[in-house]
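Okay, sequence plus prediction incoming.
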Amino acid sequence: MDFLELAKNRYSCRSFSDKKVEREKLDKILEAGRVAPTAVNLQPQRVLVLDEEDRLKKLSECTPYGWGAPLVLVICYDKDVSWKRRYDLKDEGIVDASIVTTHMMLEAYSLGLGTTWIGAFNPVKVREVYNIPENYEIVSILPIGYPSDDAKPSAMHSKRNEMSSMVFFNEIK
């Protein structure tokens, strides 16, 4: 599949079937995250895989979103490893973890799986429930699974601003 076609067709899946994600597909998704570019190639990403029923059920303590996905990834970065910009000490770990999440999300779609990037979660509760170390910053939660028969993109999926609203040549106007 052409990349632009994949990027346009991928949507936030909010309805998953009961079918489990095969380990081979999970391994490919994780590999996509492993090879994602990171600042100075420091690779601060840390990914927690939730695939056991009791661990998945606890997600509801952290966010109302998850839609019963049979597989969930919690993507973090290690603040002790991530690169900090020397001019203002901005931590680029959140960018790295976002790139990693995007790579995994697109790989999942290319394998016939649905995902939704969850940013609406209680990070204190996620840290507590899943025993995430303090030096790990939690960036995203990614439910993954086979879309249910009634899964479809939201009405807003295809709505895009004009290119001219985001692209400026040589100066921002």
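Good, I have the coordinates. Numbering: from 1, shown residues only.

Double-check that L106 belongs to a helix.
Yes. If the criterion is DSSP: H, G, I helix; E, B strand; the rest coil, then L106 is within a helix.

show me the contacts for the nearest residue to K19 once chain neighbours are set aside.
In space, and not counting its chain neighbours, K19 is closest to Y146: 4.6 Å by CB to CB, 6 or more residues apart in numbering. (C-beta placed from N, C-alpha, C; glycine too.) Residues in contact with Y146 (CB atoms under 8 Å, 6 or more residues apart in numbering) are 16-17, 19, 21, 112-114.

Could you list every helix and strand in contact with the longest strand along the chain?
Ranked by residue count under DSSP state E, the longest strand found in the chain is strand 136-145. Counting contacts by 3 or more CB pairs under 8 Å, 6 or more residues apart in numbering; DSSP states H and E, strand 136-145 is packed against strand 71-78, helix 93-110, strand 114-115, helix 123-130.

Which one, of those, ends up nearest to K25?
Among those, helix 93-110 comes nearest to K25, with 7.7 Å by CB to CB.

can I get the CA coordinates of that closest one in PDB?
C-alpha atoms of helix 93-110 as PDB (Å, rounded to 0.1, in the frame of the first residue of the first chain):
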ATOM      1  CA  GLY A  93      11.500  12.500  24.900                       C
ATOM      2  CA  ILE A  94       7.800  13.400  24.300                       C
ATOM      3  CA  VAL A  95       8.600  13.900  20.600                       C
ATOM      4  CA  ASP A  96      10.500  10.600  20.400                       C
ATOM      5  CA  ALA A  97       7.700   8.700  22.100                       C
ATOM      6  CA  SER A  98       5.200  10.300  19.700                       C
ATOM      7  CA  ILE A  99       7.200   9.300  16.700                       C
ATOM      8  CA  VAL A 100       7.400   5.700  18.100                       C
ATOM      9  CA  THR A 101       3.700   5.700  18.700                       C
ATOM     10  CA  THR A 102       3.000   6.900  15.200                       C
ATOM     11  CA  HIS A 103       5.200   4.300  13.700                       C
ATOM     12  CA  MET A 104       3.500   1.500  15.600                       C
ATOM     13  CA  MET A 105       0.100   2.900  14.900                       C
ATOM     14  CA  LEU A 106       0.700   2.900  11.100                       C
ATOM     15  CA  GLU A 107       2.400  -0.500  11.100                       C
ATOM     16  CA  ALA A 108      -0.700  -1.900  12.900                       C
ATOM     17  CA  TYR A 109      -3.000  -0.400  10.200                       C
ATOM     18  CA  SER A 110      -0.800  -1.900   7.500                       C
END
